[in-house]
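Peer 1: make a model of this:
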Amino acid sequence: MYYLKKTIAYFIFPYRIGLLLILTGALLLWFSRKQKAGKVFVSIGLGLLVIVSLKVVSDPMLSRLENRYPPLIHVNHLKNVPWVVVLSGGAYPAGDLPILDRLSKESLTRLAEGIRILNLLEPPAKIVLSGGNPTGSVVESQVMSQAAVALGLDADKIVIEDQSRDSKDQARFVKDIIGGDTFILVTSANHMPRAAALFTKQGLTPIPAPAGVIVKDRDSLSPTAILPGSGSLGRTERAIYEYLGIAWAWLRGQV
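Peer 2: Purely as a prediction, here's the structure:
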């Protein structure tokens with residue numbers, strides 16, 4: 001089921017659908033007499049790519065996810081919380097690179113925020129780094145742990161969860177570690193709605209600490225907002241990925 005989910009998600013992003021439509025139309029135009037059909041395919045594919053590459057489309061979609069939970073700036077009222085749980089967001093099996101470069105941007109941002117929060121809590125609070133080996137090439141939580149130590153965190157404060165392959169697994173395996181304790185949950189701001197729902201479904205009560213906000217410029221009326229761009233395309237696909245993840249989890253009864 002894990003690989004089926006990933007395969008379906010790969011093929012239903014608008015970027016790939018748009019390219020497929022354009023490619024199909026081009027083949028019809030070059031190698032068949034169905035010129036009208038070819039023009040229709042190319043036009044629809046190009047139109048789709050333009051629409052999903054607009055800031056006025058991407059930013060509202062993504063910010064709706066990112067604004068669901070406010071950032072956790074101050075923790076004075078949470079100093080006795082015993083756990084900070086950080087969800088991995090990808091790592092690379094590139095042993096010849098510095099340890100921080102072996103983490104994806106998402107993992108590094110989440111880890112940095114988790115360490116920041118942990119440093120504000122009272123001892124003996126610990127940090128749980130959650131992420132297994134979903135690609136078969138690297139255990140993400142182990143790379144995060146090495147990066148945390150490289151950043152100056154005491155190894156005794158780190159607990160590794162290395163069995164999970166996705167967010168659903170992370171909620172289940174983290175529960176085995178922290179039991180029913182109160183905890184602060186750190187993940188990307190756009191991923192937080194799904195992650196918080198998955199942990200809540202496990203009977204836990206996460207305190208959300210979203211990190212890595214992408215939509216920082218809220219000026220949707222700027223001239224660039226109506227011009228297509230690769231950054232906007234990436235934000236649209238990120239939002240769609242999360243909305244699909246929420247829908248899948250709902251259909252499977254996980255949230």
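
Peer 1: quickly find the element holding the nearest residue to Val255 once chain neighbours are set aside.
Peer 2: With C-beta to C-beta, 6 or more residues apart in numbering as the criterion, Val255 has its nearest non-adjacent residue at 3.9 Å, and that residue is Ala197. Just so you know, the C-beta spots here come from the backbone N, C-alpha and C atoms, and that holds for glycine as well. Counting by DSSP states H and E, the element that carries Ala197 is helix 192-201.

Peer 1: okay, buried residues for that helix please.
Peer 2: The neighbour-count criterion (16 or more other C-beta atoms under 10 Å) identifies Met192, Pro193, Arg194, Ala195, Ala196, Ala197, Leu198, Phe199 as the buried residues of helix 192-201.

Peer 1: for stretch 226-233, same thing?
Peer 2: For stretch 226-233, the buried set under the neighbour-count rule, 16+ other C-beta under 10 Å, comprises Ser232, Leu233.

Peer 1: returning to what we had before: isn't the residue nearest to Val255 right next to Trp248, touching?
Peer 2: No. Counting by C-beta atoms under 8 Å, Ala197 does not reach Trp248; the two are 11.9 Å apart.

Peer 1: which SS class is Leu185?
Peer 2: The three-state label for Leu185, taken from DSSP: H, G, I helix; E, B strand; the rest coil, comes out as strand.

Peer 1: for the residue nearest to Gly114 when sequence neighbours are not counted, what are its contacts?
Peer 2: The shortest distance from Gly114 to any residue other than its chain neighbours is 3.8 Å, reached at Val86 (C-beta to C-beta, 6+ apart). With contact taken as C-beta atoms under 8 Å, 6 or more residues apart in numbering, Val86 is in contact with Arg110, Leu111, Glu113, Gly114, Ile127, Val128, Leu129, Ser130, Met144, Val186, Thr187.
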